[in-house]
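A.B. asks: missing the sequence, but the structure's below:
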């Protein structure tokens with residue numbers, strides 16, 4: 001199932017049952033699982049492409065680890081914040097449709113940049 005459809009189902013359920021926190025957490029877990037499954041093409045294609053070029057670029061394994069690691073961290077943060085930001089805005093009495101996209105974009109930009117630089121600085125000696 002597409003994560004967008006699952007997110008809209010999650011939002012609809014929380015809107016209909018605002019006091020049922022256990023079921024909301026269950027739906028959040030389903031959203032998280034769907035994000036994991038949605039990441040599978042990205043997680044499988046990047047290492048395969050890195051392996052096909054391995055004969056020519058055998059010393060670039062660290063670069064592949066940095067890029068794939070940053071993509072995984074960023075996608076996980078986007079899935080989690082995409083579910084939690086609208087809930088927080090609704091709890092604050094704001095319309096999530098009007099402002100959740102700017103917060104989601106900010107979170108994914110910051111997390112993606114920090115993850116990329118974090119992995120790169122951790123593997124700096126292997127990247128040189």
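C.D. replies: Sure, I can see it. Because the structure is predicted, anything quoted here is derived from the model rather than measured.

A.B. asks: make it CA atoms for all contacts and neighbour counts henceforth
C.D. replies: Will do.

A.B. asks: could you check the pLDDT of residue 108?
C.D. replies: Residue 108 is assigned a pLDDT of 93 by the prediction.

A.B. asks: residues near it, how many?
C.D. replies: Here the number of neighbours of residue 108 (other C-alpha atoms under 10 Å) works out to 20.

A.B. asks: next, it: secondary structure please.
C.D. replies: When classified by DSSP: H, G, I helix; E, B strand; the rest coil, residue 108 comes out as helix.

A.B. asks: I'd say it and residue 76 touch.
C.D. replies: No. Using C-alpha atoms under 8 Å, residue 108 is not in contact with residue 76, being 9.4 Å away.

A.B. asks: ok, residue 115 - contacts?
C.D. replies: When contacts are counted by C-alpha atoms under 8 Å, 6 or more residues apart in numbering, residue 115 touches 69-70, 73-74.

A.B. asks: kindly reformat the residues you listed as TSV containing distance to residue 117, secondary structure and neighbour count.
C.D. replies: Formatted as TSV, the contacts of residue 115 follow (distance: C-alpha to C-alpha, whole Å; DSSP: H, G, I helix; E, B strand; the rest coil; neighbours: other C-alpha atoms under 10 Å):
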residue	distance to residue 117	secondary structure	neighbour count
69	11	helix	19
70	9	helix	22
73	12	helix	16
74	12	helix	22
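
A.B. asks: what's the farthest-apart pair in the residues you listed?
C.D. replies: Within those, 69 and 74 form the most distant pair, 8.5 Å apart (C-alpha to C-alpha).

A.B. asks: so residue 63 touches residue 127, yeah?
C.D. replies: Yes. Shown here, residue 63 and residue 127 form a contact pair, counting by C-alpha under 8 Å, at 6.5 Å.

A.B. asks: need the overlap of contacts for these two.
C.D. replies: In contact with both residue 63 and residue 127: residue 120, using C-alpha under 8 Å, 6+ apart.
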